[in-house]
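Requesting a structural model of the entry that follows:
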Amino acid sequence: MTTRYPSRLIIVIGIALLVLCTPVLAYSSDATGWYGQGNAFLASGNYTEAVAAYDRAISLEPSYFEAWDAKADALNRNGRFSDALDASARALAINPDYAHGWINRGQILYNIGYVYEDQKKDLTTANEYYNQQLLAFEKAIELDPGNADAWFNKGYALAGLKRYDEAIAAFDKVQELNPDYPKIAQNKQIAQQLKDTSTPDYVKYVPVLAGIAVVIIGIVVWFVFLREKKE
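A predicted model of the protein is given here:
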């Protein structure tokens, strides 16, 4: 025996399942309004007001990971690197698959590393942050392989770690993804120049010296052969 449900009941059940299974697709208009104001303040360089606006958005929508990430960006630009790192962590805790958030986090980590290197003269700790920076950019690339910004930042990070061949390869990838990417050719050239100046002269001339050695050995072998032949 087949049980037939009334069509209205089926529709109601379907709507209920859709509501229960579909995540919230948008934030409140008030929250997005404050987020927009924060972006305007950020663009104008008013980082304090930007942070305040993002905080208002977050107070209305605590899971607003874009607002958390934008707040981290504003704090980073304002030199409040520790607070920026905390805000970045909140954004990525809510959405660990947010590629832009990982790029932003890498830039914060770079600034912290630079403080340790330039001001505190602690290169060991600085390199720890620089390596974390690189991992953040690599995570962004893992999530979004076609993200030219992520590849550019990875190249910049690798150059800073004196891994010049890898840096040049990353910049090549940027050019492949976006040939019009700003100043990419210039950054690639700088990486190449840094590589050249860091390479000892004896390493540069190894191919030439090896070629000369092969020629000399060949001449010696030839003369020995001729001498044996005459004897």
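
going forward, measure contacts between C-alpha atoms and count neighbours the same way
OK.

pLDDT value on the most centrally placed residue in the chain, please?
The residue lying closest to the centre of the chain (Cα atoms, centre = their mean) is residue 137, at 2.6 Å. On pLDDT, residue 137 comes in at 98.

ok, residue 67 - contacts?
Contact analysis of residue 67 by Cα atoms under 8 Å, 6 or more residues apart in numbering lists 35, 54-55, 57-58, 91.

Swap in 6 Å and give it another go.
residue 54 (Cα atoms under 6 Å, 6 or more residues apart in numbering).

Give me the phi and psi for it.
phi -70, psi -40 (degrees, to the nearest 10).

can you map out the helices along the protein?
For the chain, helices defined by DSSP state H occupy the ranges 7-21, 29-44, 47-60, 65-77, 81-94, 99-118, 123-143, 148-160, 164-177, 184-198, 201-204, 206-230.

Highest mean neighbour count out of those?
helix 65-77 (a mean of 25; mean count of other Cα atoms under 10 Å).

Now do that helix: distance to the chain's middle.
From the chain centre to the centre of helix 65-77 is a distance of 16 Å (Cα atoms, centre = their mean, to the nearest Å).

Let me know the average pLDDT across stretch 144-152.
98.

Kindly format the C-alpha coordinates of it as CSV.
The C-alpha trace of stretch 144-152 is given here as CSV (Å, rounded to 0.1, in the frame of the first residue of the first chain):
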residue,chain,number,x,y,z
ASP,A,144,43.3,29.7,-4.3
PRO,A,145,46.1,28.6,-6.7
GLY,A,146,45.2,31.4,-9.2
ASN,A,147,45.6,34.2,-6.7
ALA,A,148,48.3,36.5,-8.1
ASP,A,149,48.5,38.5,-4.8
ALA,A,150,49.3,35.3,-2.9
TRP,A,151,52.1,34.3,-5.4
PHE,A,152,53.5,37.8,-5.3
